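>>> Have a look at this prediction, sequence included:
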Amino acid sequence: MRAFLRVVQPGLLTTVQDLGRWGWQSHGVPVAGAMDPYAHRLANALVGNSPNAATLEITLAGPLLECEDTRVIAITGAEFAVEVNDEPVPMNAPIVVAKGAPIRFKKRRRGARAYLAVDGGIDVPPLLGSRSTHVGARMGGHAGRALRAGDALPLSAPRTRPHPSGRFEVSPVLANDVTTLRIIPGPHGHYFESSVMDALTSSPYVLEPQSDRMGFRLRGVEIKPIAAAEMISQATIAGALQIPPSGQPILLMADRQTAGGYPILGSVISADVGRAAQLAPGDRISFSPCTRKEALAALLAVERRLLRLEERVSS
Amino acid sequence: MEIVQAGDSTVFVRFEDRVDVEVNRRVVALASRIDSMQVRGVRDVVPAYASIAIHFDPLRTDFEALIQVIESKARERASRQAEDGSPVSIPVCYDPECGPDLADVASRAGLSEREVIALHADRPYRVFMVGFLPGFAYLGLIDERIAAPRLSTPRLRVARGSVGIAGRQTGIYPVESPGGWRIIGRTPVSLFDVSRSQPSLFSAGDLVMFHAIDRSEFERLQATAR
């Protein structure tokens, strides 16, 4: 018997996401996926789902949901006050939610994007191998769009193993407070003066209101290329800092276009991409240069932490 | 051929940095050979005009392993190239509402709008790559007289079906999206449809030709396309 997660109120921007739709960028299909993949994976680990099970990505103002089944859920990422049946429940912990009990997101305290995982995973039909939603292209997730009041999301059957109780300590790296992002310079450094990294790292940038899942528009120290060169279009990179002729950088995020013609000054390391996802308009970013070796070490550290949690939950 | 790292999870293979049919043929062929190897840890192989991006999981493979794959595939003799097919004909309405930058492109070129349309339409263009959004085909090369740079600040919204110019490239926005190309017209044709067995209308190597239609024809075709 199929159980559904019902959307009573959708919140500001709630979408179904997994770890992204890889393998189709040569057709122009963007990757999409959870903006904070670490919080997404943590939520899945806490309820015993595999890392790529679909969760809800919840942005800035959260939803009111009801589940037709008694299920274990977990909420990670941005810190929200959440109530189930009008009782506060903790973040970053598996929570048993009785059939029909309202799950209500209230005040957001920190960060921008939270992830809600349900034991079994959200079972919308996969599109080109992924359940991620790309709202701009109207692809994937639930009907290719953000959730609305009245939507009913099918759930996969829950796993049969017993769930561990208690809270799991979440390392500060997985929490959402940090505004320093490490970047690897390049690959279009030759379009800029050699002092450009000094300029970029000299003072913080502010996220402009037009920042969204496609990219963050930043305002701060102007970065100008040496000549107003038109680059021929090439593939984009996750976390890339693109410099349009206006000199105000654009940080490419999950829904980024697959190719572009603005030079890329550097890209945010994979380990820091999730932290970027916790920023909202008005927040500030400081950039700090990083080597590839340091980037890999950081990624390994995050991965080890996640694997340890995934093992603890399944033991 | 140059192999360059970008970020911690992408490798670029770069050829001569220009928009050129022969360069692009090599790019498309090499990308296809690398992609068909299905290398462990490679998430995506993305060809462009004169480069290939290989996106990988740095926890499962590394730059050194990928250099070897790229160099070995590049050394292989290209298999016999497929012939370019006959051009696909695409109707475009070049009205001011459909093409808000047409007047600007004309004035930059020192030509009338009619002359710009005559130079844009009725000639075959190669699909150099599909990218930016699902089904967005980068076409070229347009006549130098009507080439124009991207907008210095991209528009937050470009209408679906908009036909644009960026340098000597031309292309069609398959859905509404942000965009920096100069918009000179609009087509009612659907560029990408997941319900089709081949979702993207175009692939790299195809030929495309635009022909002008008037506003009422555009409205009629758009209504039947829904």
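Great, that's in hand.

>>> SS state for the residue positioned nearest the centre of chain B?
Computing the C-alpha centroid of chain B and ranking residues by C-alpha atoms, centre = their mean puts residue B:138 first, at 1.7 Å. Of the three states, residue B:138 takes strand under DSSP: H, G, I helix; E, B strand; the rest coil.

>>> what's near enough to touch it?
Residue B:138 makes contacts with A:233, A:259, B:49, B:127, B:128, B:129, B:130, B:131, B:132, B:169, B:171, as judged by C-beta atoms under 8 Å, 6 or more residues apart in numbering or on different chains. (C-beta placed from N, C-alpha, C; glycine too.)

>>> can we see that at 6 Å?
Residue B:138 makes contacts with A:233, B:128, B:129, B:169, B:171, as judged by C-beta atoms under 6 Å, 6 or more residues apart in numbering or on different chains.

>>> May I have the secondary structure class of residue 210?
You didn't say which chain, so I picked chain A. Three-state call for residue A:210 (three-state DSSP): coil.

>>> you looked at the wrong chain, it should be chain B
Assignment for residue B:210 (three-state DSSP): strand.

>>> returning to that earlier point: quick one: which of the contacts of residue B:138 is most hemmed in?
residue B:129 (35 neighbours; other C-beta atoms under 10 Å in any protein chain shown).

>>> wait, does the helix or strand harbouring that residue contact chain A?
Element membership for residue B:129, per DSSP states H and E: strand B:125-130. Yes. Strand B:125-130 reaches chain A (C-beta under 6 Å from any C-beta of the partner chain) through residue B:130.

>>> Against which helices or strands is that strand packed?
Using 3 or more C-beta pairs under 6 Å, 6 or more residues apart in numbering or on different chains; DSSP states H and E as the contact definition, the elements that strand B:125-130 packs against are strand B:137-140.

>>> And chain B, is stretch A:247-254 touching that?
No. Counting by C-beta under 6 Å from any C-beta, chain B is not contacted by stretch A:247-254; separation bottoms out at 8.5 Å.

>>> Between the two ends of stretch A:243-254, how far is it?
The first residue of stretch A:243-254 is 18 Å away from its last residue (C-alpha to C-alpha, to the nearest Å).

>>> which residues sit against the helix-or-strand element of chain B with minimal mean pLDDT?
Least confident element among the helices and strands of chain B, by mean pLDDT, DSSP states H and E: strand B:177-179 (a mean of 87). Applying C-beta under 6 Å, 6+ apart, the contact partners of strand B:177-179 are A:136, B:133, B:154, B:155, B:156, B:158.

>>> try 7 Å
Contact with strand B:177-179 is made by A:136, A:214, B:133, B:154, B:155, B:156, B:157, B:158, B:164, B:173, as judged by C-beta atoms under 7 Å, 6 or more residues apart in numbering or on different chains.

>>> Which parts of the stretch 201-315 of chain A are helices?
A:270-276, A:292-314 (DSSP state H, counting those that start in this stretch).

>>> Show the pLDDT at the closest residue to residue A:11 other than its chain neighbours.
In space, and not counting its chain neighbours, residue A:11 is closest to residue A:63: 3.9 Å by C-beta to C-beta, 6 or more residues apart in numbering or on different chains. Per-residue confidence (pLDDT) for residue A:63: 98.

>>> got it, and residue B:57?
pLDDT, residue B:57: 97.

>>> Tell me the confidence at the residue nearest to the spatial centre of chain A?
By C-alpha atoms, centre = their mean, chain A has its centre lying nearest to residue A:35, at 1.6 Å. On pLDDT, residue A:35 comes in at 97.

>>> That one: helix or strand, and which one exactly?
Applying DSSP H and E, one finds residue A:35 in no helix or strand.

>>> Surely it touches residue A:277?
Yes. Between residue A:35 and residue A:277 a contact is recorded at 3.5 Å, counting by C-beta atoms under 7 Å.

>>> and for these two, which residues touch both?
residue A:113.

>>> Below-threshold pLDDT in the stretch 101-250 of chain A: ranges please.
Under the criterion pLDDT under 70, the flagged ranges of the stretch 101-250 of chain A are A:160-178, A:228-230.

>>> For residue B:206, see how far away the closest residue to chain B within it is.
Nearest to chain B in the stretch 101-250 of chain A, going by C-beta to the nearest C-beta, is residue A:235, at a distance of 3.3 Å. Going from residue A:235 to residue B:206 by C-beta to C-beta, to the nearest Å gives 19 Å.

>>> which of those two has more neighbours?
residue A:235 (27 against 20).

>>> In TSV: the helices of the stretch 201-315 of chain A, plus mean neighbour count.
TSV is the format used below for the helices of the stretch 201-315 of chain A (neighbours: other C-beta atoms under 10 Å in any protein chain shown):
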stretch	mean neighbour count
helix A:270-276	23
helix A:292-314	15
